[in-house]
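Q: Need coordinates for the following:
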Amino acid sequence: MSALRGMRGWLSARRRFQFVATLVMVTALTAACGALLMLPDTVLPTLRAAEPGDSGPTPTDAQVPQVRRLLDPYGSISAEAVSTAAGKVGVVLGHPAQQHEIDVLAGELAASTAAVTALWGPDWAQAPVVVVASSTSEFAGLTRSVGDVPAEVAASTVADPYRPGGPLTGQRVVFGPQSGQRLGDDGLRSVLRHELTHMATRSVTVDGSPLWMLEGFAEYTAHRGTGHPITQIAPTLTTRARAGDLLGDLPVDAMFEPGSGAASLAYEEGWSACAFIADRFGDPALVSLYRQLANGPKDRAATDAVFRSVLGTGYNDLVADWRGWITAHTTSGA
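A: The predicted model follows:
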């Protein structure tokens, strides 16, 4: 992966999962959110007829016609349908000017969906809708953003308003008009996996849950199995570790906010914490830990109790072992 990496998760305390976006700031990618209306399934058969040049099966998500309606005012539409799982079909949409990004994302969609499912399990839609916007105004419309959209936003995962226990509808990933130039092909693939992880985990994730877990888990999924060394995935963290300047604790939520000056480090630390837990305790334990920590706000005592229940170790010991793991891996370059 290119050196572009890092900050994902443009999330306020009040609207943490109404906005889950991916923001690029130098070496950073961040997340935001919104809501979206759906049209009934009966409109779906018009998809292929509307674009006779398209090929492949018909997407199975009922929101696709509404997405096309939002895209129509901005020019002709290019759409690539992708079979992602048994009986499931995702789609990447955009305009001809973004054809390269559409091709890259369509080529990666099945593999990214499978990668998320391999870690998280099959209990999510597995038929992603991905859109590449042609302008900031189109991006704002597709994400129903409130107020100005920061120029650095590269991608956003959005959904209809959700009530725990109810159905998840209207989920899609929207990439900004400059995302391809900023991220490169490898960066697009990494961000796609990160955002699809937020899609998959949304039904068990509650507002206010620890961001180091939410964003770190998505980052872990994005890089899992790629073979990239920690020095490439977490360059800021590597530099600090080699200088003996590691933080003494897991990153707090405020570090993830844009403008905090610590967001890139926070995302890298979140990734490293999840990578350490998976390395030490296994992927199933990491998934179980996510499910336990993502069900609402956690103070130190509550987090300690979850660590002991799931991992069999306390908070202080886990943080100490994690710091040692970072030092060992950044020294060796593994």
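Q: switch to C-alpha atoms for all contacts and neighbour counts from now on
A: Fine.
Q: Residue 91 should be in a strand, yeah?
A: Yes - under DSSP: H, G, I helix; E, B strand; the rest coil, residue 91 falls within a strand.
Q: That one against residue 79, yeah?
A: Yes - between residue 91 and residue 79 there is a contact at 6.8 Å, judged by CA atoms under 8 Å.
Q: Could you report the neighbour count for the nearest residue to residue 283 once chain neighbours are set aside?
A: Nearest residue to residue 283, sequence neighbours excluded (CA to CA, 6 or more residues apart in numbering): residue 119, at 7.1 Å. Residues near residue 119, counting by other CA atoms under 10 Å, number 16.
Q: Residue 119 reaches residue 221, doesn't it?
A: Yes - in this structure residue 119 lies within contact range of residue 221 using CA under 8 Å: 7.4 Å.
Q: Could you tell me which residues touch both of these two?
A: Counting by CA atoms under 8 Å, 6 or more residues apart in numbering, residue 119 and residue 221 have no contacts in common.
Q: Now name the helix or strand holding the residue nearest the centre of the chain.
A: Nearest to the geometric centre of the chain sits residue 195, at 2.3 Å (CA atoms, centre = their mean). Using DSSP states H and E, residue 195 maps to helix 179-201.
Q: distance between that helix and the chain's centre?
A: Helix 179-201 sits 7 Å away from the centroid of its parent chain (CA atoms, centre = their mean, to the nearest Å).
Q: packing partners for that helix?
A: Applying 3 or more CA pairs under 8 Å, 6 or more residues apart in numbering; DSSP states H and E, we find helix 179-201 packed against strand 20-23, helix 99-120, strand 153-158, strand 172-175, helix 211-223.
Q: So for residue 68, which of those sits nearest?
A: When these are compared for distance to residue 68 using CA to CA, the nearest one is strand 172-175, at 12.7 Å.
Q: picking that back up, which residues touch the residue nearest to residue 283?
A: Counting by CA under 8 Å, 6+ apart, residue 119 touches 221, 283, 284, 287.
Q: This structure: strands as residue ranges?
A: 20-23, 78-85, 88-94, 129-132, 153-158, 172-175 (DSSP state E).
Q: Throw those strands into CSV and include mean pLDDT and distance to residue 270, thanks.
A: Compiled in CSV, these are given as follows (pLDDT from 0 to 100; distance: least, CA to CA, whole Å):
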stretch, mean pLDDT, distance to residue 270
strand 20-23, 42, 15
strand 78-85, 94, 28
strand 88-94, 96, 29
strand 129-132, 97, 25
strand 153-158, 83, 19
strand 172-175, 96, 22
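Q: Minimum distance to residue 257: which of these has it?
A: Of these, the one closest to residue 257 (CA to CA) turns out to be strand 20-23, at 10.7 Å.
Q: Now that residue 94 has come up, it's in contact with residue 74, right?
A: No - counting by CA under 8 Å, residue 94 does not reach residue 74; the two are 9.6 Å apart.
Q: Common neighbours of these two, please.
A: Listed contacts common to residue 94 and residue 74 are residue 134; contacts here mean CA under 8 Å, 6+ apart.
Q: For the two, indicate the residue with more neighbours.
A: Taking other CA under 10 Å, residue 94 and residue 74 do not tie; residue 94 has more neighbours (28 against 15).
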